[in-house]
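> Below is the structure, and that's it, no one-letter string:
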């Protein structure tokens, strides 16, 4: 029965699924098949409700969908088990590749391969910008926020500022539609008391996790202050990563490269490319950053930190989502946030484009990669194929 699935069973099921979790948000379909059709842990209508929730809150969409399925199947501890199992393969693969990267990057064929990876990353970000833009940019208000967000970030502005300002602007510049008002009236009929919702099983588990996170953060700061600051930085990135895993890229570029100069843009692009040849979300690039800066412990702490805030937000918002999802103010604000995300991706594309010394061969590889991605070729094969071509021609 849903709600009583053992944490171990959930962990093992999502661990197995996580080993083949290529394709980012496309994995939501497989998570639904595992949870609703194959094992009958979650009702289909409940899962669809969860998909609406995870597209509204920060974090990688597939990761959040796995956590929501675990929450419905096994409560708070089940959610943690599914979340951890789904993320573990990505962490292991990324850490191993980070070790190889640090020892082999100076070898000529490897260096050529990673030059190709950088070109592929530009194509990936360009395709993501167009893909999200087609879905989210539908009016002159959207265009205004996209251009303003991109321009501000290109001038080295803070992505967090962009997100907050666009959320406020969205409340005022988008029109209120009658359909939304009707949905809000229907949604109000199912509202529950705030105190009741905040004392739900999901919320109570979230409070326990927050206490444990606070203790762990204190320990990390005491053991290694730099690692503590790095983990806090990853949490900040995840907290504002609305729009899925790709939303972390502008934030990571700003915080790690532009603001703190911990890595160069070219090295970060290598990490992003490695994140595309490993299973799991693109935010697993945090493990690459952590390993390069603080070794294995850094990889583990940064991975933990980049996934924690969105997981807690899921636990806290799952019980109350129906109370605010129909709010016209909330919808207009979220539309502004999602428009800003397109602008931030556009700015990242420009930044990465300028970070590469382009040659004829690299331009052709980049164009071929973009066309392949646009035609829905699996991103894993695009990255591997681009790397192989780079070894031959670059």
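Received the coordinates, thanks. Here the structure is a predicted model, which is why all the values come from computation and not from measurement. Residues are numbered from 1 along each chain as shown.
> What distance do you get for the most centrally placed residue in the chain to residue 371?
Here the mean C-alpha position of the chain is nearest to the C-alpha of residue 245 (Cα atoms, centre = their mean), at a distance of 1.8 Å. For residue 245, the distance to residue 371 (Cβ to Cβ, to the nearest Å) stands at 23 Å. C-betas here are computed from N, CA, C, even on glycine.
> likewise residue 28?
From residue 28 over to residue 371 (counting by Cβ to Cβ), the distance is 26 Å.
> cool, and residue 133?
18 Å.
> Which helix runs longest in this protein?
Longest helix of the chain, by residue count under DSSP state H: helix 61-104.
> Please name every helix or strand in contact with it.
Helix 61-104 is packed against helix 7-18, helix 28-32, helix 44-54, helix 201-223, helix 265-276, helix 285-317, with contacts defined by 3 or more Cβ pairs under 8 Å, 6 or more residues apart in numbering; DSSP states H and E.
> Format these as TSV; extra columns: distance to residue 170, mean pLDDT and mean neighbour count.
TSV is the format used below for these (distance: least, Cβ to Cβ, whole Å; pLDDT from 0 to 100; neighbours: other Cβ atoms under 10 Å):
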stretch	distance to residue 170	mean pLDDT	mean neighbour count
helix 7-18	35	93	20
helix 28-32	25	85	19
helix 44-54	18	83	17
helix 201-223	27	91	15
helix 265-276	28	88	23
helix 285-317	19	95	24
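> How far off centre is the helix or strand containing residue 116?
If you go by DSSP states H and E, residue 116 is part of helix 108-136. When distances are taken as Cα atoms, centre = their mean, to the nearest Å, helix 108-136 is centred 16 Å away from the chain's centroid.
> on contacts alone, who are the packing partners of that helix?
helix 265-276, helix 328-354, helix 360-374, helix 379-393.
> what would those look like in CSV with distance to residue 251?
Shown next, in CSV, are those (distance: least, Cβ to Cβ, whole Å):
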stretch, distance to residue 251
helix 265-276, 12
helix 328-354, 8
helix 360-374, 22
helix 379-393, 21
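> which secondary element of the protein has the worst mean pLDDT?
helix 178-188 (a mean of 47; mean pLDDT, DSSP states H and E).
> How much space separates residue 28 from residue 343?
Taken as Cβ to Cβ, the span from residue 28 to residue 343 is 25 Å.
> Sorry, slip of the keys, the one I care about is residue 302.
26 Å.
> neighbour count winner among residue 133 and residue 371?
residue 133 (19 against 13; other Cβ atoms under 10 Å).
> dump the residue contacts of the more buried one.
146, 342, 346 (Cβ atoms under 8 Å, 6 or more residues apart in numbering).
> hmm, which of those are the buried ones?
Buried by 16 or more other Cβ atoms under 10 Å: 146, 342, 346, out of the contacts of residue 133.
> now, which of these sits nearest residue 15?
residue 342 (33.9 Å; Cβ to Cβ).
> show me the contacts for the closest one.
For residue 342, the contact set (Cβ under 8 Å, 6+ apart) comprises 129, 132, 133, 136, 137, 142, 146, 149.
> can you rerun that using 7 Å?
129, 132, 133, 136, 137, 146 (Cβ atoms under 7 Å, 6 or more residues apart in numbering).
> closest to residue 165 among these?
Residue 165 lies nearest to residue 146 out of the contacts of residue 342, by Cβ to Cβ, at 13.1 Å.
> Helix or strand: which one has that closest one?
Short version, using DSSP H and E: residue 146 is in helix 140-154.
> what does that helix contact?
So helix 140-154 is contacted by 136-137, 159, 162, 166, 169, 173-174, 250, 336, 339-340, 342-344, 346-347, 350 (Cβ under 7 Å, 6+ apart).
> ok now it, how far from the chain's centre?
That offset, for helix 140-154, works out to 21 Å (Cα atoms, centre = their mean).
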